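Enquirer: Turn this into a structure:
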Amino acid sequence: MLAADPGASIAAIAAEAGVDRRTVYRRFPSREELLAAIYAARLEAVEQAIADARLREAPVTVALHRYVENIIEVNRTWPVDLARMLADEESRKRRDASVAEVDTFLQRATGEGLLRADLPQGWVAALLPEIMRLVARQVPDLAAGPAADLVVDTLLRGIGSP
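Expert: Numbering: from 1, shown residues only. You can find the predicted model right below:
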């Protein structure tokens with residue numbers, strides 16, 4: 001709900017969850033605490049997705065596909081407003097650590113020849129999350145595995161005619 005309407009009231013969130021708003025307030029005394037819990041859950045899911053992908057150990061193509069598939073699931077499960085999430089300093093620090101881990105992996109992928117080395121600095125790191133978010137939102141009925149296939153193919157081969 002908050003992804004669709006960041007201003008959704010606690011009463012509306014409670015109704016959507018099938019509980020009374022007092023139940024929500026017992027667990028989260030304020031809207032800010034509810035948002036902090038949602039952001040923490042998303043960040044934990046991202047961190048787990050990165051760990052599961054084994055970005056440092058697995059073969060680059062395997063790690064890339066695993067990472068993309070995992071992040072598509074995270075984006076679908078936790079579709080939060082990233083700008084609001086990153087306004088929180090602790091969330092931003094955790095997210096920056098995850099970004100650094102992925103950047104290191106992308107450098108490895110470039111060094112191993114999977115990604116072009118002649119692209120502007122940071123281009124792939126900026127493009128990959130956007131493609132993953134787009135697929136997660138625009139093709140919601142496509143399972144995460146085939147969605148990851150689409151993202152990886154688009155990233156590695158582009159959209160031009162072969």
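Enquirer: okay, CA-based contacts and neighbour counts for the rest of this
Expert: Fine.
Enquirer: Where in this protein is the helix or strand with the lowest mean pLDDT?
Expert: helix 82-86 (a mean of 79; mean pLDDT, DSSP states H and E).
Enquirer: so how far is Ala14 from the residue of the chain positioned farthest from its centre?
Expert: In the chain, the greatest distance from the average C-alpha position (Cα atoms, centre = their mean) is reached by Arg22, at 30.8 Å. Between Arg22 and Ala14 the distance, using Cα to Cα, to the nearest Å, works out to 8 Å.
Enquirer: Report the secondary structure element holding the closest residue to Gly111 other than its chain neighbours.
Expert: Nearest non-adjacent residue to Gly111, counting by Cα to Cα, 6 or more residues apart in numbering: Ala117, 7.7 Å away. Ala117 belongs to no helix or strand when assigned by DSSP states H and E.
Enquirer: I'd like to know how far Ala117 sits from Leu155.
Expert: 14 Å.
Enquirer: all strands for the chain, in order.
Expert: Taking DSSP state E to define them, one finds no strands in the chain.
Enquirer: mind showing which ranges of it have poor pLDDT?
Expert: By pLDDT under 70, the weakly predicted segments of the chain are 162.
Enquirer: The least confident helix or strand of the chain: which residues count as buried?
Expert: Applying a neighbour-count criterion of 16 or more other Cα atoms under 10 Å, one finds 85-86 buried in helix 82-86.
Enquirer: ok, and what's touching it?
Expert: Applying Cα atoms under 8 Å, 6 or more residues apart in numbering, the external contacts of helix 82-86 come out as 39, 91-92, 95.
Enquirer: and Val139, how many neighbours does it have?
Expert: Per other Cα atoms under 10 Å, the neighbour tally for Val139 reads 12.
Enquirer: what does the one 4 residues further on give?
Expert: One way to gauge burial is a neighbour count; for Ala143, by other Cα under 10 Å, it gives 13.
Enquirer: Quote the end-to-end distance of stretch 47-67.
Expert: Stretch 47-67 end-to-end distance (Cα to Cα) = 11 Å.
Enquirer: Check which residues of that stretch are buried.
Expert: Neighbour count says stretch 47-67 has 47, 49-50, 53-55, 60, 63-67 buried, by 16+ other Cα under 10 Å.
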